[in-house]
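J.: Below: sequence and its predicted model.
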Amino acid sequence: MLDHRSTLRRSRVARALTAAGAAAVLVAAPLAAPTPAVAAVSRADLALRWAPIHHQDVDATGTHALGGRSDYITRVDFDGNLDGRDNWDRAGQSGTSLAAHAYYSVVETSSHWYITYLFFHPRDWTDHPFFETEHENDGEGVLFAIERDGSTYGVLRAAVTVAHSDFFSYTPAGSTWTSGRESVDGTLQFQASPHDTFPHPVTAQEAQGHGLKAYPQYAINGDGVVYYPSTVAETPSDGNDRDVRYQLIDIFATGGLWAQRANASLFAGLGTFAGDTSGDCGVGTWSCSTNSANAPWGWDDGNDVPARGELASDPAKLSAEYFTVPAGLARTYSHNPYATAAAALAEAARTAPPVVD
């Protein structure tokens, strides 16, 4: 009789084969024409529909890699607490779960939905001693701009990704949006999912430092994990698992990340995760820095017009700067919980020193 682990392995293999077949339909083509809406969609369903299929490169080299586990995406309280200063150490301890999660927020205008996704890692690490620093916690992600065209889920027009302290912009093939003050950096591709009926945008993160771009500007190089949006959270079977489902968490949920923004154990400042130099962070490398990762309301590209955090808190402003939008953009929000702290965000962005991830 097969034991539980044998059954699990066979299930993983079957899903991996299904995923491999799905990967073959990776295209740079626009989505099919949407169907007319029959009911208002919930923000949770909207976020799930547009959540990316996410390619995570994995490096198992060196002790700081934890055999590849340092490149797994997870939730900020993966270790059972909201203390940002113990995540580096606890990522390597037995009994902690690195089940796959990602965070999202939805803000709305009359013309568009804007969905921001955050992918969190307990470590930003390196396997060599020269020029690069490590730090506790790592938060990078992507913004999708969705036109409200009367269909259930709208039409995805553009994306802006976060790779360390730089933003990169993309449009799907056939999008009506073109370059604005910033040049479009590439084409956002779509891939069918084996877990639902939708084509999803495809993003990718590099190993170690976890910069995020549209696939294939980053891609899996050897070992890697392919994460699929879902309503369940799975843990990779190893560093080369090509079908792992991740679960979404609402940033604005009761007690969620936004509600915790003043929690000094989790955040060192507005939009900056707390992190220290405990454990082996920086050992054998150039250095370990403190308080060096950001939540979406702390993301910043210092070379553009939008202020720190406005990718998430004022995405209509950022979209108008980054893109030329023939139909125009509504700038008044009908739903934007970030705006309740807009003054504090603006003041913090004006006075706080830049945080380099």
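T.: Sure thing, it's come through. Just so you know, these numbers come straight off a predicted model, no measurement behind them.
J.: list the buried ones in stretch 170-187?
T.: Neighbour-count burial for stretch 170-187 flags 170-172, 175, 177, 180, 182, 184-186 (criterion: 16 or more other C-beta atoms under 10 Å). Just so you know, the C-beta spots here come from the backbone N, C-alpha and C atoms, and that holds for glycine as well.
J.: Turn these into TSV, including pLDDT, secondary structure and distance to W88.
T.: Formatted as TSV, the buried residues of stretch 170-187 follow (pLDDT from 0 to 100; DSSP: H, G, I helix; E, B strand; the rest coil; distance: C-beta to C-beta, whole Å):
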residue	pLDDT	secondary structure	distance to W88
Y170	98	strand	32
T171	98	strand	37
P172	98	strand	37
S175	98	coil	40
W177	98	coil	39
G180	98	coil	39
E182	97	coil	34
V184	98	coil	36
D185	98	coil	32
G186	98	strand	33
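J.: Let me know the closest of these to F131.
T.: Nearest to F131 among the buried residues of stretch 170-187 is D185, at 24.9 Å by C-beta to C-beta.
J.: what sits against the closest one?
T.: Each residue near D185 by C-beta atoms under 8 Å, 6 or more residues apart in numbering is listed here: 168-170, 213-214, 217.
J.: for G139, which residues make a bridge with it?
T.: Note on G139: beta-bridge partners F120, judged by DSSP bridges.
J.: so it touches F119, yeah?
T.: Yes - in this structure, G139 is within contact of F119 by C-beta atoms under 8 Å, at 7.4 Å.
J.: Which residue is the nearest non-sequential neighbour of F131?
T.: Excluding its sequence neighbours, the residue lying closest to F131 (C-beta to C-beta, 6 or more residues apart in numbering) is W286, at 5.8 Å.
J.: and the gap between that neighbour and H128?
T.: Distance, W286 to H128, by C-beta to C-beta, to the nearest Å: 9 Å.
J.: now do R261
T.: R261 is 35 Å from H128, where distance means C-beta to C-beta.
J.: Just want to know which of the two has more residues nearby.
T.: Taking other C-beta atoms under 10 Å, R261 and H128 do not tie; R261 has more neighbours (20 against 12).
J.: got a list of what the more buried one touches?
T.: By C-beta under 8 Å, 6+ apart, R261 lies in contact with 267, 270-271, 295, 297, 341.
J.: Repeat that for V232.
T.: By C-beta under 8 Å, 6+ apart, the contact set of V232 is 245, 247.
J.: Quick check: pLDDT value at it.
T.: For V232, the model assigns a pLDDT of 98.
J.: Next: V355.
T.: 63.
J.: taking the mean pLDDT, what do you get for stretch 118-129?
T.: Per-residue pLDDT over stretch 118-129 has a mean of 94.
J.: What is the end-to-end distance of that stretch?
T.: 29 Å (C-alpha to C-alpha, to the nearest Å).
J.: and it, how far out from the chain's middle?
T.: Chain-centre distance of stretch 118-129: 14 Å, with C-alpha atoms, centre = their mean, to the nearest Å.
J.: List the buried residues of it.
T.: Using 16+ other C-beta under 10 Å as the test for burial, stretch 118-129 gives 118-127.
J.: Quick check: the farthest pair among those?
T.: Farthest apart among these - using C-beta to C-beta - are L118 and D127, which lie 24.9 Å from each other.
J.: Okay, helices next: where are they in the stretch 51-200 of the chain?
T.: Using DSSP state H, counting those that start in this stretch, the helices of the stretch 51-200 of the chain run over 87-90.
J.: Show me the strands in it, by range?
T.: Counting by DSSP state E, counting those that start in this stretch, the stretch 51-200 of the chain has strands at residues 53-57, 101-109, 112-124, 133-147, 155-163, 166-172, 178-179, 186-188, 190-192, 199-205.
J.: of those, which approaches P236 most closely?
T.: Closest to P236 of the strands of the stretch 51-200 of the chain, according to C-beta to C-beta: strand 53-57, at 8.9 Å.
J.: Tabulate the buried residues of stretch 118-129 (TSV), appending distance to T235.
T.: What follows is these, written out as TSV (distance: C-beta to C-beta, whole Å):
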residue	distance to T235
L118	19
F119	15
F120	15
H121	14
P122	14
R123	16
D124	20
W125	19
T126	24
D127	23
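J.: sorry, back to before: just the buried residues out of the contacts of R261, in ChimeraX syntax.
T.: Remark: buried members of those, expressed as a ChimeraX selection using 16+ other C-beta under 10 Å:
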select :267,270,271,295,297,341
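J.: Identify, from the contacts of R261, the entry nearest to A145.
T.: Nearest to A145 among those is W297, at 17.6 Å by C-beta to C-beta.
J.: Fine, thanks again, bye for now.
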